[in-house]
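Peer 1: have a look at this prediction, sequence included:
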Amino acid sequence: MKKQVIFTSKSTAMRHCPACLLYLAFFLCSATAGAQTSIPRLADLDVQHYTFQLELSDKTDQITASAQVTVKFLRPLSSFSLDLVKRGEDDKGMQVLAVREGENPLDYRHEGEVLTLSLQPAAQPGEERTFRILYQGIPADGLVIDKNKYGDRTFFGDNWPNRAHHWLP
């Protein structure tokens, strides 16, 4: 003999479920809206393109790199900043060797985790310019240089959520 089970509910919760879900969605959106961070300097420019050239070695953890960055300026600027961790006392981090726009060397300042490029002449709104940054160092994070389970040397990019600035400007 088969038994049939029928579930019924007289609860009003099921009738108001769409309203509860809507309230919950609104609450969650409101709670996370305040968690969004705004970086004011990002309103000044729009990076259009990156090209990276990396030299890796099986003998050392040091990388030698070149980053070509094309930027569209949204406001007049005499300088702008990129994130790149500077070499620290533990010898990890990047050392900037040169910054160029075309063949012209640019003045720059590299302090902490910020590389600031000085622009001569100043950038104008709508203008696109390309810069080349030459640098080297041992990444403290982001680019994992280690041996795999077979003992082979490996290079692995683990850049989420903000680790790339340890080795890429």
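Peer 2: Looks like it arrived, so ask away.
Peer 1: for Tyr108, which non-adjacent residue is spatially closest?
Peer 2: Val99 (4.5 Å; C-beta to C-beta, 6 or more residues apart in numbering). Every residue, glycine included, has its C-beta placed from N, CA and C.
Peer 1: whoops, I mixed them up, Asn159
Peer 2: Here the residue nearest Asn159, using C-beta to C-beta, 6+ apart, is Gly142, at 5.2 Å.
Peer 1: go on, Gln53?
Peer 2: With C-beta to C-beta, 6+ apart as the criterion, Gln53 has its nearest non-adjacent residue at 4.4 Å, and that residue is Ser66.
Peer 1: re the thing from before, quick one: the residue nearest to Tyr108 and Ile133 touch, right?
Peer 2: Yes. Here Val99 reaches Ile133: they are 5.3 Å apart, a contact under C-beta atoms under 8 Å.
Peer 1: show me the contacts for the closest residue to Arg41 other than its chain neighbours.
Peer 2: Take Arg41 and drop its neighbours on the chain: the residue closest to it by C-beta to C-beta, 6+ apart is Ser81, 6.2 Å away. With contacts defined as C-beta atoms under 8 Å, 6 or more residues apart in numbering, the neighbours of Ser81 are Arg41, Val114, Leu115, Thr116, Leu117.
Peer 1: where in this structure is the helix or strand with the lowest mean pLDDT?
Peer 2: Using mean pLDDT, DSSP states H and E, helix 17-33 stands out as the lowest-scoring helix or strand of the chain, at a mean of 55.
Peer 1: sketch out the low-pLDDT regions of this structure for me.
Peer 2: By pLDDT under 70, the low-scoring segments of the chain are 1-38.
Peer 1: what about 80?
Peer 2: 1-42 (pLDDT under 80).
Peer 1: can you show me the strands along it?
Peer 2: Using DSSP state E, the strands of the chain run over residues 45-55, 63-73, 77-83, 93-101, 104-105, 108-111, 114-123, 128-138, 143-147, 153-157.
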